[in-house]
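**Q** Model the following, please.
(2 chains)
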Protein chains: 2
Amino acid sequence: MSEIKLKKNVHSRNQEFADQNRQQFQRAGLFTVNILGSPGAGKTSLVEQTVQQLSPLPRILVIEGDVETEYDADRIRKLGVEAIQIQTHGACHLDAIMIREYIGEKNLSDFQLLFIENVGNLICPAGFDLGEDTRVVVGSTTEGDDKPIKYPEMYYTANACVINKIDLIPHINFNLEDFKTRARQANEDLLFLPLSCTSGEGMAQWLDWLKQGMAGCQG
Amino acid sequence: MSEIKLKKNVHSRNQEFADQNRQQFQRAGLFTVNILGSPGAGKTSLVEQTVQQLSPLPRILVIEGDVETEYDADRIRKLGVEAIQIQTHGACHLDAIMIREYIGEKNLSDFQLLFIENVGNLICPAGFDLGEDTRVVVGSTTEGDDKPIKYPEMYYTANACVINKIDLIPHINFNLEDFKTRARQANEDLLFLPLSCTSGEGMAQWLDWLKQGMAGCQG
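**A** Numbering: from 1, shown residues only, chains lettered A, B, ... in the order given. Below is the predicted model of the structure:
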């Protein structure tokens, strides 16, 4: 079997499971957010701050994807929120089959919001639908303002882009408008949510956006 | 053919080409450095600063790996140094076959130092020997001090670790000793080179290390 054919098979099998996941999420009235980005962009910090600031606090379930360790799930559990850790042991992305395995027997009606934090990687996870309602790429100012055009599939497949670490802009070489212009070259419909998980600036806009998403799922 | 068997075939074919590359590099007396790290860790900045500060300046060839764009090769060419851009168009790592294709007909005896800047990704490139003499992972303080243990294969397979952006430590939550302790859990022989491409602090140690490597290749 050729590598290209195998890749197609992997993707079509993933899509079957993603469709099943999506149906299950929708039946449960759950708003599901796939959070993607480079290592250290601030994905876990964003989930932590959301859990601490979202009011009224919905019932939240978090799935943490990492190559190794339970670190991130432990960070979330410390806040009193249920978290599932998926350790991929070398694999560079989550796929819909992994998600199915972990949520298959869960009663998702107990929750209103599901965060799936993907493995830190700006390339491979873009190609795998997990069944989510929406996809958020977390970019960070310290990565530089050229990343959207160098990793276009990630920005092309995202619905919203959190631009994290805006508190560090005075200390680094980063142009917010250049970043947006380049991201729009990949995806002209992308919504930008600049914020800082450290200073709290911009968090209100992110929280409002989440609330709108949750409201839309509770038919 | 199963996916695991295909993966084995891909890796053994890569190794054949890596061995050929290594022989060619050694015949030419070339010191070859594979530079790896997350998007935005500062890999290109490190090459730029090296080109500007290494004295006496050796004859340098740079291979830039990116998913898309010629941006990074253009940055290096502006400094008067020859740069080859490999655009992988979606692929998440360089492999030895790509390197072979680009350097196969080059007279490498014209050069003393070859930098190969890999695709920005802390996972996949770790599994692909390119034929290099040494492997440098560029971590950055802004990624956080937990990354070595979350992406252990990258740190396990590296010979040296540049810890970039140390000028930003006063503004962020990063503990240098915790970072080193975690990296040593993956690789107890790892050499640490903390520096800042912006302030220049620590660059001298990196440049000395490069000079030692070059001296060792000129039998």
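
**Q** Can you pull the phi and psi angles for A:Ile84?
**A** phi -110, psi 130 (degrees, to the nearest 10).

**Q** Surely it is in contact with A:Glu105?
**A** No - using Cβ atoms under 8 Å, A:Ile84 makes no contact with A:Glu105, being 12.0 Å away. From N, CA and C alone the C-beta is placed, and that goes for glycine too.

**Q** Give me the more crowded residue out of those two.
**A** When neighbours are counted by other Cβ atoms under 10 Å in any protein chain shown, A:Ile84 and A:Glu105 differ, and A:Ile84 comes out ahead with 16 against 6.

**Q** centre of the chain versus the one helix or strand A:Glu177 maps to, how much separation?
**A** For A:Glu177, the host element (DSSP states H and E) is helix A:176-186. Relative to its chain's centre, helix A:176-186 lies at 20 Å (Cα atoms, centre = their mean, to the nearest Å).

**Q** Against which helices or strands is that helix packed?
**A** Contacts defined by 3 or more Cβ pairs under 8 Å, 6 or more residues apart in numbering or on different chains; DSSP states H and E place helix A:176-186 against helix A:147-150, helix A:152-156, strand A:160-164, strand A:191-194.

**Q** can we see that at 10 Å?
**A** strand A:134-140, helix A:147-150, helix A:152-156, strand A:160-164, strand A:191-194 (3 or more Cβ pairs under 10 Å, 6 or more residues apart in numbering or on different chains; DSSP states H and E).

**Q** so can I have TSV of those showing mean neighbour count and distance to chain B?
**A** Below are these laid out as TSV (neighbours: other Cβ atoms under 10 Å in any protein chain shown; distance: least, Cβ to the nearest Cβ, whole Å):
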stretch	mean neighbour count	distance to chain B
strand A:134-140	26	7
helix A:147-150	24	5
helix A:152-156	21	6
strand A:160-164	25	10
strand A:191-194	18	16
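
**Q** With mean pLDDT and distance to B:Asn121 added, can I get the ones you listed in TSV?
**A** Listed next are those as TSV, based on pLDDT from 0 to 100; distance: least, Cβ to Cβ, whole Å:
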stretch	mean pLDDT	distance to B:Asn121
strand A:134-140	98	15
helix A:147-150	96	11
helix A:152-156	98	12
strand A:160-164	98	19
strand A:191-194	98	24
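
**Q** of these, which approaches B:Ile149 most closely?
**A** For B:Ile149, the closest of the helices and strands packed on helix A:176-186 is strand A:134-140, at 20.2 Å, according to Cβ to Cβ.

**Q** Dump the C-alpha coordinates for the closest one into CSV.
**A** Output in CSV follows, covering the C-alpha atoms of strand A:134-140 (Å, rounded to 0.1, in the frame of the first residue of the first chain):
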residue,chain,number,x,y,z
THR,A,134,-15.1,25.1,16.9
ARG,A,135,-11.3,25.3,16.6
VAL,A,136,-9.1,27.9,18.3
VAL,A,137,-5.5,28.4,17.4
VAL,A,138,-3.5,30.0,20.3
GLY,A,139,-0.6,32.0,18.9
SER,A,140,1.7,33.9,21.2
